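Enquirer: Okay, predicted coordinates and the sequence, questions at the end:
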Amino acid sequence: MPYDSTLAPPPPLPAAPAKPPARPIAHWTHTLAIVLFMLLSAALSSHRAASLAEAAPHLLRYATTIALEWLLLGSVIAGIYRRREFFTTAFLNRSFSFATSLGLGALVYVIGFVAMGIAALSLYKTPLIHKHNEAVVLAMLPHTPLEFAVWFLVALTAGVCEEVIFRGYLLQQLSAWTQRPVAAILIAGVLFGSLHAYEGLAAIVPLAVLGIVYGFVVRHFKGDLRTVIVAHTLQDFLVALFALARPFAQSHQPHP
């Protein structure tokens, strides 16, 4: 059948609806106050880390850390506009089970551990590495079974609170402000690393890399935080075992 030029062309297919831009989840003054408070706390902790590690009993310091983390999280939650929507996205994603989250979290822990190791090796020959900083970190770690039990609560608290704050709250705020998710992940990761300055300058870069890895994981899972909470908890708990196992292994090496 010959083509009839008088026929009207078929109507164009409807365009896919544009993805709405990310919206802020809290007022900018609230976010600014939270960030400034964290930076001030990190600066004070860095200045007093050595004296606190030697003077304060471990259990008292752990209990104080747990209380402060939850208080900070409460302050963050208080400023969120749509709290139900926020927590539904962060914890109630039913696309995979909790058991799957545990397995994925373990995998993300390994990936993050490797990424941190590569970043740390790149700094090994630089002036950023100081034995003094390593001694401060070791002095903060648990040594008795009771301290290890409480340390797990510290690790779990850090996993929940810090991931909700950094990969939940701050990542959404920065994404809304910049409209560039990758830039938001990088900024949040650098901020996360800088707040661990009490562990020494050499810890900032590896932990910033770890925060960036977690940020991309949360973006992949569309805001679900369960996987990175598991990974973060494993990271903080196992670092104590690895750090304290090293001198034990060295003392039991055969001598020539």
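Expert: Okay, I see it. Being a predicted model, the structure only gives us computed values, none of them experimental.
Enquirer: Now tell me what touches the helix or strand containing Tyr62 from outside.
Expert: Following DSSP states H and E, the helix or strand that holds Tyr62 is helix 58-78. The contact list for helix 58-78, computed with CB atoms under 8 Å, 6 or more residues apart in numbering, reads 34, 37-38, 41, 52, 56, 83, 140, 142-143, 146-147, 150-151, 153-154, 157-158, 160-162, 164-165, 169. Placement of C-beta: from N, CA and C, glycine included.
Enquirer: Give the buried residues for stretch 178-185.
Expert: For stretch 178-185, the neighbour count (16 or more other CB atoms under 10 Å) marks Pro181, Ala184, Ile185 as buried.
Enquirer: what's the neighbour count on the closest residue to Tyr81 other than its chain neighbours?
Expert: The shortest distance from Tyr81 to any non-neighbouring residue, by CB to CB, 6 or more residues apart in numbering, is to Ile25 (5.6 Å). By the measure other CB atoms under 10 Å, the count of residues near Ile25 is 21.
Enquirer: so where's the stretch 101-250 of the chain uncertain?
Expert: Applying pLDDT under 70 to the stretch 101-250 of the chain flags the ranges 125, 127-136, 245-250.
Enquirer: what's the spacing between the closest residue to Tyr214 other than its chain neighbours and Lys222?
Expert: Nearest residue to Tyr214, sequence neighbours excluded (CB to CB, 6+ apart): Val228, at 4.4 Å. Note on Val228: its distance to Lys222, by CB to CB, to the nearest Å, is 13 Å.
Enquirer: how about the strands in the stretch 1-150 of the chain?
Expert: Read by DSSP state E, counting those that start in this stretch, the stretch 1-150 of the chain holds no strands at all.
Enquirer: what about the helices in this structure?
Expert: Secondary structure of the chain (DSSP state H): helices at 28-55, 58-78, 83-91, 98-122, 131-140, 145-163, 171-178, 181-194, 201-220, 226-251.
Enquirer: Good, we can wrap up now.
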